[in-house]
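Undergrad: Predicted structure and sequence below. I'll ask about it afterward.
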Amino acid sequence: MRDVATKAGVSVATVSRTLAGNYPVSAETRARVMAAVETLHYVVNVHAKALSGRVAGPVALVVQDITGPSLAHVAAGVEQEAATRGRLSLVCATRGDVAREADLVQLMREQHAAAVVLVGGAVRDEAYNRRMADYATALDAAGSRLVLVGRPPLPAGVPATVVEYDNRGGAFQAASHLLVAGHRRILFLGGQRDFSTAEQRLAGYRDALRAHDAAFVEELDMPDVYTRASGYRRTRDALHAGLDFTAVFAGTDMVAIGALAALREAGLDVPGDVSIVGYDDVPFAADLAPALTTVRVPYEELGRAAVRLTLEREERLAGDDHVVLGTQLVVRQSVRSPR
């Protein structure tokens, strides 16, 4: 700023007033200052402005993996909503490292982020509750806000915003669709045990079995990670083991794609021989052959809601910091009654 003042032949205070636009400055002086700014490529120190409270803080999105299609759509929702409100978005990946997550939260606190949005399932235990409570308290003290999207909610009194979707209900819808079609032996390709997302989908699946008076078959419950490779491997192993099933409930659409590949490799027709449902409704689910019946999760709206609820907190009544969005079964061509 001193360089700009020297170049323009004015005081540092005049440069500050000109750039801030909060004090009358003559048109001639403004022109000289702005010409100097352009010549010297001067950039305002945003961090200093943030410390003085004169700039809106960014919205930080912290995810495990930015390459996942569902997480990418949450990020798109965050970015779009933040952009409409004049906020910058920052996207960070933890790669599943808890220590890195903690470092990123602290970094965003130091950067005066308006919100730190943590996305994705987690193991809900005392260590998780303590860690999230620590994050929430530290961010709240700095004038920021912790937002949990698709994560287990926290005990009452913790200063955090929670945005969930009806995960269990979506699984109930998908399983019920198979059961109504007549399937009773369903290969369930769920997620890792104790992981909140996977546990909710397993619970919804078992709810549907009870509602339709169908037995839970232990050998057909095959938990693992939510990847295409895992879906392929588990389905192949089930076929090689001679397990009897007429349908597959894949915990995600990516798992469903792997399962489809294994079924075709075994010479089985979908849905003629084996039906399949997925979960997420990623964009290419409708383009598979056959088009995949799946559960639509409003991922972009989850991201939008996270930003909206945080930035509008002062305008809302206390207690509006936990919302649950609905899920929807999308029926396509991958399910048929068993032969």
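TA: Everything's here; your move.

Undergrad: pLDDT at the residue nearest to residue 128 when sequence neighbours are not counted, what is it?
TA: Nearest residue to residue 128 in three dimensions, chain neighbours excluded: residue 122, at 5.6 Å (Cβ to Cβ, 6 or more residues apart in numbering). (Each C-beta comes from the backbone N, C-alpha and C, glycine too.) Confidence at residue 122, expressed as pLDDT, is 84.

Undergrad: ditto for residue 157
TA: Per-residue pLDDT puts residue 157 at 85.

Undergrad: Backbone torsions only: list them for it.
TA: When read as degrees, to the nearest 10, the backbone of residue 157 gives phi 100, psi -10.

Undergrad: Give me the neighbour count for it.
TA: When neighbours are counted by other Cβ atoms under 10 Å, residue 157 registers 8.

Undergrad: Residue 27 too?
TA: Residue neighbour count, defined by other Cβ under 10 Å, stands at 7 for residue 27.

Undergrad: got the contact list for the residue nearest to residue 128?
TA: The neighbours of residue 122, taking Cβ atoms under 8 Å, 6 or more residues apart in numbering as the test, are 128, 151-152, 195-196.

Undergrad: Could you say which of those residues is surrounded by the most neighbours?
TA: For those, neighbours were counted by other Cβ under 10 Å; the highest total belongs to residue 151, with 22 neighbours.

Undergrad: Find the nearest non-adjacent residue to that residue, please.
TA: Counting by Cβ to Cβ, 6+ apart, residue 122 is the residue found nearest to residue 151 once chain neighbours are left out, at 5.4 Å.

Undergrad: roughly how far apart are the residue nearest to residue 128 and residue 223?
TA: Using Cβ to Cβ, to the nearest Å, one gets 16 Å for the distance from residue 122 to residue 223.

Undergrad: C-terminal to the least confident helix or strand in the chain by mean pLDDT, what's the next element?
TA: Within the chain, confidence by mean pLDDT, DSSP states H and E is lowest for helix 46-51 among all helices and strands, at a mean of 50. The element immediately downstream of helix 46-51 (helix or strand, assigned by DSSP states H and E) is strand 59-63.

Undergrad: hmm, who's touching whatever helix or strand comes next after that following strand?
TA: The first helix or strand that comes after strand 59-63 along the chain, using DSSP H and E, is helix 69-84. Counting by Cβ under 8 Å, 6+ apart, helix 69-84 makes contact with 58-59, 61, 63-66, 88-89, 91, 117, 119-120, 149-150, 252-254, 280, 282-283, 297, 299-308, all of which sit outside it.

Undergrad: Can I get the buried part of the residues you listed as one ChimeraX selection?
TA: In ChimeraX, a selection of the buried entries from those looks like this (16 or more other Cβ atoms under 10 Å):
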select :58,59,61,63,64,88,89,91,117,119,120,149,150,252,253,254,280,282,297,299,300,301,302,303,304,305,306,307,308
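
Undergrad: Which ones among the contacts of helix 69-84 lie within helices?
TA: Among the contacts of helix 69-84, the ones falling in helices (DSSP state H) are 253-254, 299-308.

Undergrad: okay, those in a markdown table with pLDDT and distance to residue 267 next?
TA: Output for the ones in helices among the contacts of helix 69-84, formatted as a markdown table (pLDDT from 0 to 100; distance: Cβ to Cβ, whole Å):
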| residue | pLDDT | distance to residue 267 |
| --- | --- | --- |
| 253 | 96 | 23 |
| 254 | 95 | 23 |
| 299 | 94 | 35 |
| 300 | 94 | 39 |
| 301 | 96 | 41 |
| 302 | 95 | 40 |
| 303 | 94 | 42 |
| 304 | 94 | 44 |
| 305 | 94 | 45 |
| 306 | 93 | 45 |
| 307 | 93 | 48 |
| 308 | 92 | 50 |
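
Undergrad: The nearest residue to residue 309 once chain neighbours are set aside pairs with what?
TA: With sequence-adjacent residues excluded and distances taken as Cβ to Cβ, 6+ apart, residue 309 is closest to residue 161, at 5.2 Å. Each beta-bridge partner of residue 161 is listed here: residue 147, as defined by DSSP bridges.

Undergrad: Now do the contacts for residue 161.
TA: If a contact means Cβ under 8 Å, 6+ apart, then residue 161 has 115, 145-148, 306, 309-310, 313, 321-322 as its contacts.

Undergrad: can I get those residues in TSV with distance to residue 191?
TA: Below are these laid out as TSV (distance: Cβ to Cβ, whole Å):
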residue	distance to residue 191
115	27
145	28
146	24
147	23
148	18
306	22
309	27
310	28
313	32
321	27
322	23
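
Undergrad: buried subset of those residues?
TA: Restricting the contacts of residue 161 to buried positions leaves 115, 145-148, 306, 309-310, 321, with burial counted as 16+ other Cβ under 10 Å.

Undergrad: quick one: low-confidence parts of the stretch 151-300 of the chain?
TA: Judged by pLDDT under 70, the stretch 151-300 of the chain has no weakly predicted residues.

Undergrad: about what we covered before: quick check, nearest of the ones in helices among the contacts of helix 69-84 to residue 200?
TA: Of all these, residue 302 has the smallest distance to residue 200: 14.8 Å, by Cβ to Cβ.
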